[in-house]
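Participant: I'd like to go over a predicted model; first the sequence, then the structure.
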Amino acid sequence: MLHRLLQIISSGGVHNPTQLAQQLGVDNTLLDSMLDNLVRMGYLRLMSAECCGDCDHCPTGNMCAIGGYGRVWVLTEAGHKVAQANPSPLP
């Protein structure tokens, strides 16, 4: 299920937690745990609340949620590789 979550995230766009949880058939608490696990494994990175102000080079571009609107994760290079892997190296 972690692999499926990475695949959804890697498909691009902005995904809110409620929609992700519904797509995976899990509740928001389990989704939060899954996201935390992917961060610990190095496949996702939680963006800092500190903004560099260089939006043109930011992975979230004009979709920024930093500044109190929510948490934003980005895939790491390892996360991209795992999302594309077949068969899945994750559960």
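Facilitator: Arrived safely, thanks for sending.

Participant: Need the distance between the two termini of stretch 22-33.
Facilitator: With CA to CA, to the nearest Å as the measure, the ends of stretch 22-33 fall 15 Å from one another.

Participant: in it, what counts as buried?
Facilitator: For stretch 22-33, a neighbour-count test (16 or more other CB atoms under 10 Å) marks 24, 26, 31 as buried. In this view, the C-beta of every residue, glycine as well, is placed from N, C-alpha and C.

Participant: could you dump the residues you listed to JSON lines with distance to R4 and secondary structure?
Facilitator: Shown next, in JSON lines, are these (distance: CB to CB, whole Å; DSSP: H, G, I helix; E, B strand; the rest coil):
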{"residue": "L24", "distance to R4": "6", "secondary structure": "helix"}
{"residue": "V26", "distance to R4": "10", "secondary structure": "coil"}
{"residue": "L31", "distance to R4": "12", "secondary structure": "helix"}
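
Participant: So which helix or strand of this protein has the lowest pLDDT on average?
Facilitator: Ranking every helix and strand in the chain by mean pLDDT, DSSP states H and E puts strand 73-75 at the bottom, with a mean of 84.

Participant: Any idea what the spatially most central residue of the chain is bridged to?
Facilitator: Nearest to the mean C-alpha position of the chain, by CA atoms, centre = their mean, lies W73 at 4.3 Å. Taking DSSP bridges as the rule, W73 bridges to L46.
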